[in-house]
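In: A structural model of the following input is requested.
(2 chains)
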Amino acid sequence: MTPFDLKNKTILVTGASSGIGRQVAISANKMGANIIATGRDEERLKETIDLLTGEDSQYIVADLLEQNDINQLVEKIPSLDGVVHCAGIVRPYPVKFISTDVLHQIFDINYEAQVLLMSQITRKKKLNKKASIVFSSSIAADHPYKGGALYAGSKAALEAFSKVIALEFSHMEIRSNCIASAMVKTPMFETAETQGTKERMDEHIKKYPLGVGYPEDVANTAIYLLSNASKWMTGQTITLDGGFLLGDF
Amino acid sequence: MEDISEFIKKIEFEIDEIESETINPETKFRELEEWSSMMGLIFIALIDTEYDVTVNGDDLINCVTVQDLYNVVKSKIQ
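Out: Coordinates of the predicted model:
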């Protein structure tokens, strides 16, 4: 038994069909948690669940952009001891080309869906006392980049939202924190690589003293935040950047 | 798709402080003084907005001249 134990905890993971979400499901399950994996792709959610041990994990297919799907998901889930929000997208767009369409495309999944999901979960009283909420932010929230108006903005909004959750539910000892990561090797990393160029990405990663991040690096931090080891931590953002922001370029 | 002169006008409009008619089909756009990674993002967004076509960073890298870029966009429209 370690303070990082997640035994008998039920954790909802969004974006669990790939990348960081899938790894959070696997790592939290290894620490004893029962996982409810959600996402849009049933096949890939099944693959995630097949990688877990124990009988009490399950997947529920849901498109978090649909209010009905959110409602049904919340209806189906048992009471939770943790939620890890991993659904998200990245798409660079210079300010002068931002349109309502592009704005919605990014904010709907990176912010609105997570807000509406938390609203339903709390309204339906699906959070146990001492539950822990974890949001996936980015170092871009505080250290944005050209073309990142919408992505960085959505993550900054998410960090503010996390703090309000921390305040509004502290009477139940429910905690809410963010993990702000730099570049992590996931399918989204591959997307970012094609949006820019591989050369630029390689150059960027060279600025990380500890190299690029891996999904398990984020998942292990999520374990800390989900576990009782972090019971005095709330409303915070943990930065995971392999030393990038130390600025030794 | 409209002809290349319209395409060039749109590109010139997006490059701040460039003299008009600096660019022609043979211009090696990545060798322009004004070129930067931000210009790359702007080109990608311009093409997405104006032609509803997605080009990525590697498409840009593979293009040398404005004519090359025009051809890529044109081929993706068809």
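In: pLDDT of the helix ranked longest in chain B, averaged?
Out: Looking across chain B with DSSP state H, the single longest helix is helix B:37-51. Over the span of helix B:37-51, the pLDDT mean works out to 93.
In: do stretch A:129-137 as well
Out: 98.
In: on that earlier part again, which parts of the helix or strand following the longest helix of chain B are buried?
Out: Next helix or strand after helix B:37-51 toward the C-terminus (DSSP states H and E): helix B:57-62. For helix B:57-62, the neighbour count (16 or more other C-beta atoms under 10 Å in any protein chain shown) marks B:57, B:59-60 as buried. (Glycine included, C-beta is placed from N, CA and C.)
In: got those as JSON lines, with pLDDT and distance to chain A columns?
Out: Formatted as JSON lines, those follow (pLDDT from 0 to 100; distance: C-beta to the nearest C-beta, whole Å):
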{"residue": "B:Gly57", "pLDDT": "86", "distance to chain A": "4"}
{"residue": "B:Asp59", "pLDDT": "90", "distance to chain A": "9"}
{"residue": "B:Leu60", "pLDDT": "90", "distance to chain A": "7"}
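In: Which stretches in chain A count as helices?
Out: Counting by DSSP H, the helices of chain A are A:19-30, A:42-50, A:67-76, A:100-107, A:113-123, A:149-168, A:187-195, A:198-205, A:215-226.
In: Next, the angle from the first one to helix A:187-195.
Out: So the one you mean is helix A:19-30. 170 degrees (axes from the mean of the first three to the mean of the last three C-alpha atoms, to 10 degrees).
In: The second one now?
Out: Relative orientation of helix A:42-50 versus helix A:187-195 (the same axes, to 10 degrees): 140 degrees.
In: What residues of helix A:42-50 count as buried?
Out: A:44-45, A:48-49.
In: can you give me how far it is from the chain middle?
Out: 18 Å (C-alpha atoms, centre = their mean, to the nearest Å).
In: And the longest one, by the same measure?
Out: Between the centre of helix A:149-168 and the centre of its chain there are 12 Å (C-alpha atoms, centre = their mean).
In: hmm, that helix in reach of chain B?
Out: No. Applying C-beta under 8 Å from any C-beta of the partner chain, one finds helix A:149-168 separated from chain B by no less than 10.9 Å.
In: Show me which residues of chain A sit near chain B.
Out: A:92-94, A:96-97, A:99, A:146-147, A:193-200.
In: What is the neighbour count of the spatially closest residue to B:Leu60 that is not a sequence neighbour?
Out: Counting by C-beta to C-beta, 6 or more residues apart in numbering or on different chains, B:Leu60 lies nearest to B:Gly40, which is 5.5 Å off, once chain neighbours are set aside. B:Gly40 is flanked by 23 other residues according to other C-beta atoms under 10 Å in any protein chain shown.
In: B:Gln78 too?
Out: For B:Gln78, using other C-beta under 10 Å, the count is 5.
In: Same check on A:Val164?
Out: A:Val164 has 13 neighbours, counted by other C-beta under 10 Å.
In: can you check A:Lys129 too?
Out: 11.
In: Now do the contacts for the residue lying closest to it once chain neighbours are set aside.
Out: Excluding the flanking residues, the one nearest A:Lys129 by C-beta to C-beta, 6+ apart is A:Met172, at 5.0 Å. The contact partners of A:Met172, by C-beta atoms under 8 Å, 6 or more residues apart in numbering or on different chains, come to A:127, A:129-131.
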